[in-house]
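Asks: Sharing a model that was predicted from the sequence below.
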Amino acid sequence: MKLEQKYTALLGDVQRRASGLDMIQSTARLRLCFEVLGLASAIDGDCAVRLGRHGLSEGKFVLLSLLRDVPDGLSPHELAERAGVTRGTITGLLDGLERDGFLARHADQLDRRKLLVRLSPKGEAAAATLVDEHAQWIASLFADFTPAEMQLLSALLEKAWRKTDRGAA
């Protein structure tokens, strides 16, 4: 796997500073981390390109997915909670989706003070095809893995994750 230039530079620096077995182990561990980061970056970049063809960012795509099976709509607050973003971020995402015709904001029939967000026909059509298409593409990345390989990779990634600050918390 070809590493990004910044990772190659960091590995070279480690190799220059360390010596012996420690250097070999440190370099191998760093390289593995950089390979994981490179894979994540490649997947993220490919996602951005694929969604960008439809005028969507990952954040906007998540909102379409969340609204897909909720014909009555959700409040901006509920969407922010489910998407794991701030209220400020949700406002910007909703503004963009509304401007591009993917959704509309409506007053709640029972409480006129409450706002509900619903997909427009364009948003429904996009969500109906893109959510499944995107999930299939992501799944295809691991199509050549056996169930045992997927389980092993998952366990190894979790083992590394537990060493992170978030994983240890």
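Replies: Alright, I've got the coordinates. Model, not experiment: these values are computed from the prediction.
Asks: Could you list the buried residues of the longest helix along the chain?
Replies: As assigned by DSSP state H, the longest helix anywhere in the chain is helix 20-52. Across helix 20-52, burial judged by 16 or more other C-beta atoms under 10 Å covers 30, 31, 34, 47, 50, 51. Yep, even glycine has a C-beta here, placed from its N, CA and C like the rest.
Asks: per-domain residue ranges of the chain.
Replies: According to automatic domain parsing, the chain comprises the domains 1-53, 55-162.
Asks: Reformat those as a markdown table; add mean pLDDT.
Replies: Shown next, in a markdown table, are those (pLDDT from 0 to 100):
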| stretch | mean pLDDT |
| --- | --- |
| domain 1-53 | 88 |
| domain 55-162 | 94 |
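Asks: Can you tell me which of those is packed in deepest?
Replies: domain 55-162 (a mean of 14; mean count of other C-beta atoms under 10 Å).
Asks: end to end, how far does that one reach?
Replies: The first and last residues of domain 55-162 sit 36 Å apart, counting by C-alpha to C-alpha, to the nearest Å.
Asks: For this protein, which segments count as helices?
Replies: With DSSP H, the ranges of helices along the chain come out as 5-17, 20-52, 58-67, 76-83, 87-99, 121-140, 147-161, 165-168.
Asks: which residues does the closest residue to residue 70 other than its chain neighbours contact?
Replies: Using C-beta to C-beta, 6 or more residues apart in numbering and skipping residues adjacent in sequence, the residue nearest residue 70 is residue 118, 8.0 Å away. Taking C-beta atoms under 8 Å, 6 or more residues apart in numbering as the contact definition, residue 118 lies against 67, 70, 71, 72, 73, 103, 104, 106.
Asks: what would the buried residues of helix 20-52 look like in a markdown table with distance to residue 98?
Replies: Converted to a markdown table, these look like this (distance: C-beta to C-beta, whole Å):
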| residue | distance to residue 98 |
| --- | --- |
| 30 | 45 |
| 31 | 45 |
| 34 | 40 |
| 47 | 23 |
| 50 | 22 |
| 51 | 17 |
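Asks: Would you mind checking which of these is nearest to residue 152?
Replies: Nearest to residue 152 among these: residue 31, at 19.2 Å, using C-beta to C-beta.
Asks: pretty sure that closest one contacts residue 10?
Replies: No - counting by C-beta atoms under 8 Å, residue 31 sits too far from residue 10 to count as a contact (9.7 Å).
Asks: that older thread, what sits opposite the residue nearest to residue 70 in the beta ladder?
Replies: Taking DSSP bridges as the rule, residue 118 bridges to residue 104.
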